[in-house]
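*Asks:* Kindly generate the corresponding structure for this input.
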Amino acid sequence: MSKSPDAITPDLLAFLQEMKDRKEIMDCLLRYTRGVDRHDRELMLSAYHPDAFDDHGVASYEPPEFVDWALGWHEAGQTHHQHVITNHTVEIEGDVAHGETYYLFLADNIEGPPTIAFGRYVDRFEKREGHWAIAYRVCVNDLTGNYEKAPIPEEWREKLMSTGPNTWDKSDVSYQRPLVRDRHA
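*Replies:* Modelled structure (predicted):
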């Protein structure tokens, strides 16, 4: 008697566990980027284990100090910013994983032209008590520079920036639950 193609085999269970671990590691990375871009200290901290270390070169701290430094630096220098993650590889060995994730950083500065930077987050993730988080991070900055904003006619600017609110706190539209259409707007 042959096995059913839908049978739950040890290989399938191992595959499912690996996919679950990969998803939870990606969720960790997204908690970091959303946390920093929304200035959500608790969300950003949730990406790290309490005894982790983040080496960003210009600032190297344990999570509470690093998060406070990063959020303060962005608040002092920018009006808007986004951390975008792209290519991502991760090698998982049990409860330890090593990842490399490419990032793109864009910022509208309070003074001077907007900033563009890109590089990589090189991370050691650990799963502790069933929870994946960053244990050690090295931020490799490959390039930082400035760019020129595209000219946007003033009559378009108001409409382009009319959705929101676009804020660095939990009043931002992305926290609205449920997200509903304001039929009076």
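
*Asks:* C-alpha from now on. contacts and neighbour counts both.
*Replies:* Will do.

*Asks:* Which residues are in contact with the residue nearest the centre of the chain?
*Replies:* When the chain is reduced to its mean C-alpha position, the nearest residue by Cα atoms, centre = their mean turns out to be Thr33, at 1.9 Å. Taking Cα atoms under 8 Å, 6 or more residues apart in numbering as the definition of contact, the neighbours of Thr33 are Met44, Gln82, His83, Val84, Ile85.

*Asks:* could you pull out the helices for the protein?
*Replies:* When assigned using DSSP state H, the helices of the chain occupy the ranges 10-37, 41-45, 63-77, 154-160.

*Asks:* Would you point to the one among those that's packed deepest?
*Replies:* Counting by mean count of other Cα atoms under 10 Å, helix 41-45 has the highest mean neighbour count of those, with a mean of 19.

*Asks:* Which neighbouring elements make contact with that one?
*Replies:* Using 3 or more Cα pairs under 8 Å, 6 or more residues apart in numbering; DSSP states H and E as the contact test, the elements touching helix 41-45 are helix 10-37, helix 63-77.

*Asks:* May I have that helix exported as CSV, CA atoms only?
*Replies:* The C-alpha coordinates for helix 41-45 follow below in CSV (Å, rounded to 0.1, in the frame of the first residue of the first chain):
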residue,chain,number,x,y,z
ARG,A,41,9.5,52.1,21.1
GLU,A,42,7.8,48.9,22.4
LEU,A,43,7.4,47.5,19.0
MET,A,44,11.0,48.2,18.1
LEU,A,45,12.2,46.7,21.3
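
*Asks:* Other residues contacting it?
*Replies:* Looking at what lies outside helix 41-45 - Cα under 8 Å, 6+ apart - the contacts are Arg31, Tyr32, Thr33, Arg34, Gly35, Val36, Pro63, Pro64, Val67, Asp68, Leu71.

*Asks:* try it again with 6 Å
*Replies:* Residues outside helix 41-45 that contact it (Cα atoms under 6 Å, 6 or more residues apart in numbering): Arg31, Tyr32, Gly35.

*Asks:* which among these gets closest to Tyr136?
*Replies:* When the contacts of helix 41-45 are compared for distance to Tyr136, the smallest value, 13.4 Å, is given by Tyr32; criterion: Cα to Cα.
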